[in-house]
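> Mind folding the following:
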Amino acid sequence: PLLSPNMSSLPKGWPGHSGVKYLHKSEYSKAASQLLKAPPASHARLPKGDFQTVVPGHVAIRSISDRSHPAYGQHGLFANANLKEGQWVVDYKGWVSLDEECSQTSDYSLRLVEGLSIDADKQGNEARFVNDYRGVPNASKPTVEFRTEVLPNGLPQMRIYVRPKTKIKRGDELLISYGKGFWQARAGTE
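A predicted model of the protein is given here:
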């Protein structure tokens with residue numbers, strides 16, 4: 001099935017043909033679970049977050065129909081409400097594994113914390129549809145950013161927040177920076 005346990009339906013706009021399993025919460029490799037039982041000291045320096053882990057309707061998945069958009073024919077993540085500077089938007093869910101277990105070819109893999117990565121290539125949530133701002137018509141900079149926080153249960157969580165000095169209007173596409181390294185690596189594989 002394409003749903004994680006306790007989910008009765010896919011979010012509106014989820015591409016059913018994608019074969020990507022929808023996750024309500026991240027899943028962990030055995031090795032990642034072992035590491036998190038005794039996390040590195042660097043985890044203690046991460047900002048503390050709260051349990052806002054259910055998408056509160058801030059976002060919607062939509063098809064990209066603008067032919068000049070780099071993701072034309074694919075999907076993007078859009079604001080379902082006005083969002084203000086510094087506001088939490090959605091958590092990035094996926095497969096959490098040791099860095100050395102992580103796919104080297106996935107476009108959905110992020111460094112979570114020292115030693116761990118999170119990958120939403122084959123399983124994830126709405127956050128996997130956030131596009132890079134580069135090349136998007138009328139976009140000069142990202143509007144959201146990734147942040148890693150430690151939840152009260154001690155687990156690190158990748159989250160998406162509205163960037164400082166940024167307001168997002170309902171209907172706007174949420175745009176992030178994948179980083180120059182992402183594009184350099186991609187250029188080397190094409």
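
> hey, where'd the strands end up in the protein?
21-22, 27-28, 59-63, 75-79, 88-91, 95-98, 109-113, 116-119, 123-124, 131-132, 144-150, 156-162, 175-176 (DSSP state E).

> Return the most buried member of those.
Among the strands of the chain, ranked by average contacts under mean count of other Cβ atoms under 10 Å, first place goes to strand 116-119 (a mean of 24). Just so you know, the C-beta spots here come from the backbone N, C-alpha and C atoms, and that holds for glycine as well.

> Next up, the contacts around V113.
39-40, 42-43, 46, 148, 156 (Cβ atoms under 8 Å, 6 or more residues apart in numbering).

> Filter those residues down to the buried ones and express that as a PyMOL selection.
Per 16 or more other Cβ atoms under 10 Å, the buried members of the contacts of V113 correspond to this PyMOL selection:
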select buried, resi 39+43+46+148+156
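
> Tell me what V59 is bridged to.
Beta bridges link V59 to A79, judged by DSSP bridges.

> about what we covered before: which stretch among the strands of the chain comes nearest G13?
Proximity to G13 (Cβ to Cβ) singles out strand 59-63 among the strands of the chain, at 3.3 Å.

> for that closest one, packing partners?
Applying 3 or more Cβ pairs under 8 Å, 6 or more residues apart in numbering; DSSP states H and E, one finds that strand 59-63 contacts strand 75-79.

> Tell me where this protein has helices.
Taking DSSP state H as the criterion, the chain carries its helices at 30-37, 180-189.
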